[in-house]
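Novice: Everything below, folded, please.
(one chain, ligands or ions: 3)
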Amino acid sequence: MAGCGSGSSCDSGSCGSVDAKIAQQDMAISSSLDRIKNKVLVMSGKGGVGKSTVSVNMALGLANRGYKVGLMDVDLHGPDVCRMLNLTSRLMDADVKKDGLLPPMQVGENLKVISLEYMMEDRDAPVIWRGPMKVQAIRQFIADMDWGDLDYLIIDAPPGTGDEPLTVAQTISDACAVVVTTPQQVALADVRKSLNFCKQLEMDVVGIVENMSGFVCPKCSETVEIFKSGGGQEIADDFNLRFLGKVPLDPRVVIGGDDGTPFLSSDSDSPATKAFQGVVSMVEQVLSKKKVELPMADMGSSCGCGGKCNPDTCDC
Ligand SMILES: Nc1ncnc2c1ncn2[C@@H]1O[C@H](COP(=O)(O)OP(=O)(O)O)[C@@H](O)[C@H]1O
Ligand SMILES: [Mg+2]
Ligand SMILES: [Zn+2]
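Specialist: Ligands and ions are numbered 1, 2, ... in the order given. All right, here's what the predicted structure looks like:
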């Protein structure tokens, strides 16, 4: 544009070099995402239903099964992942190679974690950002971080259908969603909004988790239904989606979340641990099936007739 030499680094922000930077970042995003097999956005209509708990336990559960896993906390205003995993390191203290990708935090051998708190000097400072800054932060989480080859990237979102899940959906075109709800009608009403968001953005839904479903008595370990139960299954049926399982309320989950020792890192044989394991197994199963289906769809598009058929058997 006016006054700007071609290919120069213009500071005005109004010339083609801004587009060039975006294009460069788009390329970095693609090359990061190309090395990640499954991207799972954990979302819900309401806050406090257990998205972060499910994200952290799912990421740990998959990592414990030997998968390479990334956990990306895009709840920029209320990041909880570091506290839940007791991660205190700072990017500024990390060994960063000049012009290289930035190292995420590491949990054990298989889990890489990124959260805004990792980048902040003062973790208690509020993040006061408008939409475009949030979009940029999430794009940088993908473009600038050294995720390497991953089997799963679990993305912990804030509640609702705002900038953060929208950015994830628009930036990661093959992301799919796990939707978390609690059993009550009020939470379920909001879940419908999340599911309609997925529909509108053509994002596949892996399934629905009903968290805080019943209460595990600390004395006898029996599960008592305090709130209603079964709403998650109902909504899954309504939307023709998979139900991934019910996770009961268990005081040990809260303690684990507060202490930074998530539940699945314990050896407990409680109903909540088993339920989390069940959810992890379902997610693993569903996504491995999806991978089998994908090559078939690709195969169809290469057929001379242009249809979704097998070129070896089509008589076009
Ligand atoms: N199944 C559960 N049993 C007991 N407490 C739970 C359970 N799931 C989540 N919590 C607790 O509820 C609170 C909110 O959960 P969190 O995962 O932060 O929700 P969200 O990310 O949806 O806001 C946390 O203190 C967490 O430890
Ligand atoms: Mg959360
Ligand atoms: Zn009891």
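Novice: How about the secondary structure of Val113?
Specialist: Per DSSP: H, G, I helix; E, B strand; the rest coil, the secondary structure class of Val113 is strand.
Novice: who touches it in this structure?
Specialist: Going by CB atoms under 8 Å, 6 or more residues apart in numbering, Val113 touches 59, 70-73, 81-82, 85, 87, 104-107. From N, CA and C alone the C-beta is placed, and that goes for glycine too.
Novice: show me where pLDDT drops low in the stretch 151-300 of the chain?
Specialist: 186, 227, 263-268, 290-300 (pLDDT under 70).
Novice: Which residue ranges of it form helices?
Specialist: 163-171, 185-200, 231-238, 251-259, 271-301 (DSSP state H, counting those that start in this stretch).
Novice: Dump the ones you listed to CSV, plus distance to Ser31 and mean neighbour count.
Specialist: Listed next are these as CSV, based on distance: least, CB to CB, whole Å; neighbours: other CB atoms under 10 Å:
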stretch, distance to Ser31, mean neighbour count
helix 163-171, 13, 21
helix 185-200, 26, 17
helix 231-238, 36, 18
helix 251-259, 34, 15
helix 271-301, 20, 16
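Novice: any chance of the ones you listed in TSV, with distance to Lys37 too?
Specialist: What follows is the helices of the stretch 151-300 of the chain, written out as TSV (distance: least, CB to CB, whole Å):
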stretch	distance to Lys37
helix 163-171	17
helix 185-200	20
helix 231-238	25
helix 251-259	28
helix 271-301	7
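Novice: For Tyr152, find the nearest of the ones you listed.
Specialist: Set against Tyr152 and scored by CB to CB, the helices of the stretch 151-300 of the chain come closest in helix 271-301, at 7.7 Å.
Novice: Quick check: the residue in the stretch 151-300 of the chain that ligand 1 sits nearest to vs Ser55, distance?
Specialist: Per CB to the nearest ligand atom, Gly257 is where the stretch 151-300 of the chain lies closest to ligand 1, at 3.1 Å. Distance of Gly257 to Ser55, given as CB to CB, to the nearest Å: 11 Å.
Novice: picking that back up, pretty sure the residue of the stretch 151-300 of the chain closest to ligand 1 is in contact with Thr53, am I right?
Specialist: Yes - using CB atoms under 8 Å, Gly257 is in contact with Thr53, at 5.8 Å.
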